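Novice: show me how the following folds:
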Amino acid sequence: MLQKIGDSLKGQKWLAYIVLGALALVFAAWGAYGVVNLSFGGSNYAAEANGSKISLEEAREAWLRQQTQWQQRLGGADIPPELRNKLQDQVLEGLIGRALLVQRTRDLGYRVSQDALREAVHSEQAFQVAGQYSPEAAKAALAQAGISLQAYEEDLRTSVQRVQLQGGIRASDFLTPVELTRLTDLEEQEREVRYLVLPVDRFKSTAGVDEAAVQAYYQAHQGQYMTPESAHLQYAELRLEALAAQQSVSDADLHAAYEKSKSRLEVPEKRHARHILITGKDDAAALAQAQQVLAQAKAGKDFGELAKQYSQDPGSAHNGGDLGWAERSSFVAPFADALFGMAVGEIKGPVKTQFGYHIIRLDEVQAGKSKSFEEARSDLEAQLRRDRATDRFGEVQEQLQARAAEPGADLASLAQQYNLLTGDVASFLKDAGAPPLGAAPALQALVFADPPLPVGRLGGPVLLGDDRLVIVKVLEHSKPRPKPLAEVRESIAATLIRERGTQAARKAADAAREKLEGGMSFEALAQELKVTADPAHFVGRRDPSIPAPVRDAVFAAPRPTGKPLYRALALGDGGVAVVAVTRARTAAAHDPRTLGDRALQEAERLGTDEAMAYVEEVRRTADVRKNPKAFE
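Specialist: A predicted model of the protein is given here:
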């Protein structure tokens, strides 16, 4: 099944999926793997999954992100030791799961071409200026995040491969005839419906609304016209980017970081190749055809034309077999071994993989190299500044936690001591918040607690995101209070006019329903009411051709068994509808193509379970070792 998935999906462009695939998240919730060895001793990596090592740096960066999120949930308080250990284990499990899925996608031959990867990078909005890709904007955004372009591209490539795998498993699922029959019987019933609408505007009174009615409505519905609870805040804010700008980095620091990161700064060799894939149920016949095509290629026939004619790789055949620039890890082992042992211009084959037989031509080679110190300098400096700022961020957070709780703590003094940005928010609303602080739940919980944060007392620090925190002082607290009648009088008058019109329309609709039940035809009723009647036609549960309230009421009513069913129902501001339901039919009368489309949709949904089962298989057969000292 998975080979078929790989063949069918390699040509698709999954350019929008930049975040981690949903499958990898499953691992974060699982416990220890089937084979776990905790005897790491002095390991310099956090875990090993089937030979792939997860560095201590990667694990600690992932933990820092998780730690920041949880501290925000806890209102800046320290994470309890028991929860801390559990969360650290989940972080490591998630990284292990990601590594295992990356291995499996590569083994199965999933790949992302360099052109597709470039297009995905260029389409990232954070890298654009006026809708166009800007290298400078990309460099600045990645530097601010402390990520190199190479690391970003590699993470993007592996993420897209994981999404391809998940999509392939979903697409391979199917429904049995019995399941399809049961599904369509439940979901694809239809009702024959006629309806007409009495618009509210026709029944609105031209007479104004008297003041007494407005006063009475205001008193009866005062809870609808309350000002929100709010607070006048002063705040002092710490941003990670500001801390990073304050950090000093010497040449000695940069050279030390360069020596430490040399292995990570290596640019692997890349090769530009074309291939022709020959597959078939009969292996001998496929091999024979591959040998014939190889002979034609070596005889001088145009390789691209041969690929268009013979290749069964949907991802590259139409491009003359062009695979773009790629490194060794982009291919399955037999293909990679052959390609990276060839000379430029050489044609080799047939090379057998799990996908079939390949004829390969090498067009160009881009030698691997290590980045020079000058080439890596800007990335190293940004990373060092961010690393030091991250450490300092945690220190300042802890110090502010203690200082803000001291009697007589002063916001201005703390802001000056820690170089914090200060500001004033005149009306910070409950639930809605206010710029520039936003509506962070932790800040809402602090300011509007029961009882609320007292006037004049400092509160926080509160995390507003992974890279910013604030301490606040309430200058004034305003409870909800009724809005003045003068402010809401027009709104109340409009509501009263609309309600009276709806009541009049509903009364007319009830009278019209009684006429239908008495034997009047729909056409005669429409003519009497001077409205247009919708012609009788069958509608389904999701049919967008009629208003949703009509559709919902029709399928909530019993199925008609001979005598029509009549309903009068409100459509909100749209008026009141008079509805007749005359017949019902099941899915058996449907176009079978519609049923097929529905089956495919349902199969995609059910395929999620298949995907989870597949991930469980990966987990069960994994050889995993974890370093218990990864987060020390």
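Novice: mean pLDDT per helix and strand in this structure: which one sits at the bottom?
Specialist: Every helix and strand in the chain was compared by mean pLDDT, DSSP states H and E; the lowest is strand 35-37, with a mean of 31.
Novice: so for the following helix or strand past it, mean pLDDT?
Specialist: Moving toward the C-terminus from strand 35-37, the next helix or strand (DSSP states H and E) is strand 45-49. Throughout strand 45-49, pLDDT has a mean value of 83.
Novice: list the helices and strands strand 45-49 packs on?
Specialist: Counting contacts by 3 or more CB pairs under 8 Å, 6 or more residues apart in numbering; DSSP states H and E, strand 45-49 is packed against strand 52-55, helix 56-73, helix 81-107, strand 623-626. Any C-beta I mention is one placed from the backbone N, CA and C, and that applies to glycine too.
Novice: hmm, 6 Å instead?
Specialist: Counting contacts by 3 or more CB pairs under 6 Å, 6 or more residues apart in numbering; DSSP states H and E, strand 45-49 packs against strand 52-55, helix 81-107, strand 623-626.
Novice: just the terminal-to-terminal distance for stretch 302-318.
Specialist: Terminal residues of stretch 302-318 lie 14 Å apart, using CA to CA, to the nearest Å.
Novice: and the helix or strand harbouring Tyr152, how far from the chain's centre?
Specialist: Per DSSP H and E: Tyr152 is located in helix 149-171. Computed by CA atoms, centre = their mean, to the nearest Å, the chain-centroid distance of helix 149-171 equals 13 Å.
Novice: just the CA trace of it, in PDB.
Specialist: The C-alpha trace of helix 149-171 is given here as PDB (Å, rounded to 0.1, in the frame of the first residue of the first chain):
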ATOM      1  CA  LEU A 149      18.100  29.900   6.100                       C
ATOM      2  CA  GLN A 150      19.600  26.400   5.700                       C
ATOM      3  CA  ALA A 151      18.100  25.200   8.900                       C
ATOM      4  CA  TYR A 152      14.700  26.700   8.000                       C
ATOM      5  CA  GLU A 153      14.800  25.000   4.600                       C
ATOM      6  CA  GLU A 154      15.700  21.600   6.000                       C
ATOM      7  CA  ASP A 155      12.900  21.800   8.600                       C
ATOM      8  CA  LEU A 156      10.500  22.800   5.900                       C
ATOM      9  CA  ARG A 157      11.600  19.900   3.700                       C
ATOM     10  CA  THR A 158      11.100  17.300   6.400                       C
ATOM     11  CA  SER A 159       7.800  18.800   7.500                       C
ATOM     12  CA  VAL A 160       6.400  18.600   4.000                       C
ATOM     13  CA  GLN A 161       7.600  15.000   3.600                       C
ATOM     14  CA  ARG A 162       5.700  14.100   6.800                       C
ATOM     15  CA  VAL A 163       2.500  15.800   5.500                       C
ATOM     16  CA  GLN A 164       2.900  13.800   2.300                       C
ATOM     17  CA  LEU A 165       3.100  10.600   4.300                       C
ATOM     18  CA  GLN A 166       0.000  11.400   6.300                       C
ATOM     19  CA  GLY A 167      -1.900  12.400   3.200                       C
ATOM     20  CA  GLY A 168      -0.900   9.300   1.400                       C
ATOM     21  CA  ILE A 169      -2.200   7.100   4.200                       C
ATOM     22  CA  ARG A 170      -5.500   8.900   4.200                       C
ATOM     23  CA  ALA A 171      -5.900   8.800   0.500                       C
END
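Novice: got the angle for that helix vs helix 81-107?
Specialist: Orientation check (axes from the mean of the first three to the mean of the last three CA atoms, to 10 degrees): helix 149-171 against helix 81-107 gives 80 degrees.
Novice: average pLDDT across helix 149-171?
Specialist: Rounded mean pLDDT across helix 149-171 is 71.
Novice: and if you look at stretch 385-394?
Specialist: Throughout stretch 385-394, pLDDT has a mean value of 87.
Novice: pass me the low-pLDDT residue ranges in the stretch 451-600 of the chain, would you?
Specialist: 586-600 (pLDDT under 70).
Novice: whoops, the stretch 151-300 of the chain was the one
Specialist: Scanning the stretch 151-300 of the chain for pLDDT under 70 picks out the ranges 166-188, 206-207, 263.
Novice: so where do the helices sit in it?
Specialist: For the stretch 151-300 of the chain, applying DSSP state H, counting those that start in this stretch gives helices covering 177-187, 211-220, 240-246, 251-260, 283-298.
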